[in-house]
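In: Got a predicted structure plus its sequence, pasted below:
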Amino acid sequence: MVKTIQVDITPDKSLIKKLGAVGYSGEEAIAELIDNAIDARIENTAEQISVLLDFGARRIEVRDNGHGMDKNDLINALTVAKGTKQYGSLGEFGIGLKSACSALGKSFVIRTSKKGTDKEYLVKYDEDEWMTDNSLDWNKFNMTEKTLGQEQDWHGTAIVIDKLKISLYTNQSIKFRKNFGMRYASYIQEKDISIQINTMQCEPIHPEIEPGSKTHIILRLSNGRTIRGYAALMKKRSMRGNYGINLFRHGRLIKPFEKFGILAHPEYARITGVLNLNHVPVNFYKNAFIEESEEYQEISEAFKVHDSVRSICYESRSKREILESIEPIFDYVLEGKQLLQSMPRTIRSRQASDMLNSMKPFQAQIAKATIIVDTKPLKTGPLYSFDGKKSEKMLAINTNNIAFNFVKNPFFLVGMIAIEAKLMSENPDIKEFIQHRNKLLNEFLEYCFRTSKKKITRDEQNDDLRNHFGYRLADELIEIHDFLKENSIAKFQFTAMSTLKPHLHNLREKVVYAIYTTPNKGEYLADLLRDKFKKNIFVVKPTAELINTLSAMPNFDQIIVIREYSVIRGRTVAGPEKAFVDLVVESHTYDMQVDEKDVRRIFQSMERDGLIDPEKVRKYGKIVKKLPLIEDIIREVE
């Protein structure tokens, strides 16, 4: 006989106690209560949240002036797994209030009043009393209702927790201010939320980013959602692991310094960034995302291969930290103090401009004179002016001066200015000479800059890329070449079909061009070019099978192969003999698209036009150990 019976599955009275034992840290439990307070904020009204860590009374208080709760709201908040929150709120699980309070202490009091009402509600919970008093049960939870007079009118929620289960210790409030300043930076930054820890405000904390390094990231996922954020380089490497991507959800920091798409390695210790993963599920404690979820996995893979992320990773590996201020340069010149940061030979122009224009005025001492040094981006005027009384002088550096366009690292020019300021202070008689010299130099540089900025035609550009043999870079590669010449910090050389295509007019398939660079720089060049030239395909050290597959694909212009060699000498465009030998290597070693007949046809065409020297071809062929093959080609053509 089978029958249906009804059973009582009312939770055991120990459930609240057990919820508090699920593993919250003290900081996470307080953050849960702050989340609830933020969710309770009144729209278009500044909210104040205060946390009191009372070391003497061993008590914690969390108060807010949000919209508060009425009777039903409070009942729902106390009902396990019900709560009052919706998806998208910080405290959306409906368990946080009970578990957070129980994690912090054995006893808590919640007092609340909803905006627009005259009622105040209060509930008390004491773990020891609740567990031992049989008269208390889930359906007999005591709540106090109070009618407020006009003078008592208030709204918000106040939670007082004592019989603490966690320790309170010296400097804990400082730690909380710092961590909450980072965790809730976006809310605090918008000025509609203020969070106090023991009467001291939490200030929004953001990493110090190197000017010019920040790049915005947009990931479009298969489900149509869009993930936004940024990646950048910090001014200084973190020696304590405080680098990586800060992962947010609905404006609340879930996972700081996550090594998301990057390796945990000192080479990447300057990388920082933000991603907003609003739709990705988090764990119960809201201190980590569910990494096994499909959403997290897809975003992780998409972020890892994003061109901007790969570029930032390369820059972090290759870049040394540089000066954050020109003040150390003056300290070195005037006082002989050691420069603690490196002085690279080259800094990107945008980065250099941002750094110079963000400098703050400072004082330097030359003999008995105080020098006030400042940087100003003036439209006209000399490189710098140096005037004032004997005891106090003003040194104003014009960061828009033409001279800064002719140096790869502007700090070297600043060093020269510091030296000249020192010389003029020590010997006023030479001031007139230096100023006259700088005036003439400025006129010369302006002339050079005007002529270098003159617009030229594509044919003239191509002529500039001719060498004395009279052959040229393929027209479609000129813009790519110029871009690399201006932006790449890696050596490179266009070779093989990049210069030999004009000598093979009947090639039926898409041309595979070649750029050679030094070891470990291939991906850097590819990332740099992919971001700029989206209609081309750039591949590093590909197989012949991959090239054949790519050649059959529509919707792009050129395939450009990037290979890495130990040495790249000379010009950025290979000479005809080297380009030809490189083509032989491409066609035989890598089984590329040009066959032996095409190779011989190119050699025959170039020799007929007097563009190639067989002896030099033999020389390069010997270097790459292809001399027998080269001899066969020359013999057949002759």
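Out: Everything's here; your move. Treat the numbers as computed from the prediction; the structure is a model and nothing was measured.
In: what about Val584, how many neighbours?
Out: For Val584, the neighbour count with other Cβ atoms under 10 Å is 23. All C-beta atoms are positioned from the backbone trio N, CA, C, and that covers glycine.
In: Check Lys360 too.
Out: The burial count for Lys360: 9, using other Cβ under 10 Å.
In: Would you map the helices across the stretch 1-150 of the chain?
Out: 15-19, 26-39, 71-78, 96-104, 127-132 (DSSP state H, counting those that start in this stretch).
In: Need the winner for burial among those helices.
Out: When you average the neighbours per residue for each of the helices of the stretch 1-150 of the chain (mean count of other Cβ atoms under 10 Å), helix 96-104 leads with a mean of 25.
In: Run the chain-centre distance for it.
Out: 36 Å (Cα atoms, centre = their mean, to the nearest Å).
In: Which secondary structure elements does it sit against?
Out: On a contact count with 3 or more Cβ pairs under 8 Å, 6 or more residues apart in numbering; DSSP states H and E, helix 96-104 meets helix 15-19, helix 26-39, helix 71-78, strand 105-113, strand 156-164.
In: CA atoms of it as CSV?
Out: Taking Å, rounded to 0.1, in the frame of the first residue of the first chain, the C-alpha atoms of helix 96-104 are listed here in CSV:
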residue,chain,number,x,y,z
GLY,A,96,23.4,37.8,3.9
LEU,A,97,21.8,39.8,6.7
LYS,A,98,21.3,36.8,9.0
SER,A,99,24.6,35.1,8.1
ALA,A,100,26.7,38.3,8.3
CYS,A,101,25.3,39.3,11.7
SER,A,102,25.7,35.7,13.1
ALA,A,103,29.2,35.5,11.7
LEU,A,104,30.2,38.7,13.6
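In: can you pull the contacts of Leu53?
Out: Counting by Cβ atoms under 8 Å, 6 or more residues apart in numbering, Leu53 makes contact with Ile60, Leu168, Gln172, Ser173, Phe176, Ile197, Asn198.
In: what do you get if the cut-off is 7 Å, keeping everything else the same?
Out: By Cβ atoms under 7 Å, 6 or more residues apart in numbering, the contact list for Leu53 reads Ile60, Leu168, Gln172, Ser173, Asn198.
In: so it bridges to which residues?
Out: Beta bridges link Leu53 to Ile60, judged by DSSP bridges.
In: now do Phe362
Out: Here Phe362 sits in beta bridges with Val373, going by DSSP bridges.
In: Give me the pLDDT value at the closest residue to Ala37 other than its chain neighbours.
Out: Once flanking residues are discounted, Ala37 sits nearest to Asp64: 3.7 Å by Cβ to Cβ, 6 or more residues apart in numbering. Per-residue confidence (pLDDT) for Asp64: 94.
In: Same list (the helices and strands packed on helix 96-104) but as JSON lines, adding mean pLDDT and distance to Lys3.
Out: Shown next, in JSON lines, are the helices and strands packed on helix 96-104 (pLDDT from 0 to 100; distance: least, Cβ to Cβ, whole Å):
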{"stretch": "helix 15-19", "mean pLDDT": "74", "distance to Lys3": "30"}
{"stretch": "helix 26-39", "mean pLDDT": "89", "distance to Lys3": "45"}
{"stretch": "helix 71-78", "mean pLDDT": "88", "distance to Lys3": "35"}
{"stretch": "strand 105-113", "mean pLDDT": "94", "distance to Lys3": "44"}
{"stretch": "strand 156-164", "mean pLDDT": "94", "distance to Lys3": "47"}
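In: looking at the ones you listed, which is closest to Lys485?
Out: helix 26-39 (51.3 Å; Cβ to Cβ).
In: hmm, back to that, now render the helices and strands packed on helix 96-104 as CSV, adding distance to Lys626.
Out: What follows is the helices and strands packed on helix 96-104, written out as CSV (distance: least, Cβ to Cβ, whole Å):
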stretch, distance to Lys626
helix 15-19, 74
helix 26-39, 65
helix 71-78, 79
strand 105-113, 79
strand 156-164, 79
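In: right, and those - which one's nearest Asn223?
Out: Of all the helices and strands packed on helix 96-104, helix 26-39 comes closest under Cβ to Cβ, at 26.2 Å.
In: what about the helices in the stretch 201-350 of the chain?
Out: Using DSSP H, counting those that start in this stretch, helices in the stretch 201-350 of the chain cover 294-304, 307-318, 327-335, 349-357.
In: got the ones you listed as JSON lines, with mean neighbour count columns?
Out: Listed next are the helices of the stretch 201-350 of the chain as JSON lines, based on neighbours: other Cβ atoms under 10 Å:
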{"stretch": "helix 294-304", "mean neighbour count": "16"}
{"stretch": "helix 307-318", "mean neighbour count": "20"}
{"stretch": "helix 327-335", "mean neighbour count": "18"}
{"stretch": "helix 349-357", "mean neighbour count": "17"}
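In: Comparing those helices, which yields the minimum mean pLDDT?
Out: helix 349-357 (a mean of 69).
In: show me the residues around the residue nearest to Ile42 when sequence neighbours are not counted that make contact.
Out: Excluding the flanking residues, the one nearest Ile42 by Cβ to Cβ, 6+ apart is His67, at 5.1 Å. Residues near His67 by Cβ under 7 Å, 6+ apart: Ala40, Ile42, Lys114, Lys115, His155.
In: The same query, at a cut-off of 6 Å, please.
Out: Neighbouring residues of His67 by Cβ atoms under 6 Å, 6 or more residues apart in numbering: Ala40, Ile42, Lys115.
In: Most neighbours among those, which one is it?
Out: Ala40 (26 neighbours).
In: what's the spacing between that residue and Tyr121?
Out: 14 Å (Cβ to Cβ, to the nearest Å).
In: again, but for Glu61
Out: Counting by Cβ to Cβ - Glu61 and Tyr121 are separated by 18 Å.
In: Look at the two and report which has more neighbours.
Out: Remark: of Glu61 and Tyr121, Tyr121 carries more neighbours, 22 against 16, as counted by other Cβ under 10 Å.
In: wait, doesn't the more buried one sit right on Asp73?
Out: No: the pair Tyr121 and Asp73 does not pass the contact test of Cβ atoms under 6 Å, sitting 8.8 Å apart.
In: List the buried residues in stretch 227-237.
Out: Ile227, Gly229, Tyr230, Ala231, Ala232, Leu233, Met234, Lys235, Arg237 (16 or more other Cβ atoms under 10 Å).
In: Could you dump those into a markdown table and include pLDDT?
Out: Listed next are the buried residues of stretch 227-237 as a markdown table, based on pLDDT from 0 to 100:
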| residue | pLDDT |
| --- | --- |
| Ile227 | 91 |
| Gly229 | 91 |
| Tyr230 | 92 |
| Ala231 | 92 |
| Ala232 | 92 |
| Leu233 | 91 |
| Met234 | 90 |
| Lys235 | 83 |
| Arg237 | 78 |
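In: Tell me which of the helices of the stretch 1-150 of the chain sits nearest to Phe248.
Out: It's helix 26-39; of the helices of the stretch 1-150 of the chain, that one is closest to Phe248 (Cβ to Cβ) at 13.0 Å.
In: before we move on, which element is Leu395 in?
Out: strand 392-398 (DSSP states H and E).
In: what are the pairing partners of that strand, and which direction each?
Out: In the sheet, strand 392-398 lines up against strand 369-376 (parallel), strand 384-388 (antiparallel) (DSSP bridges).
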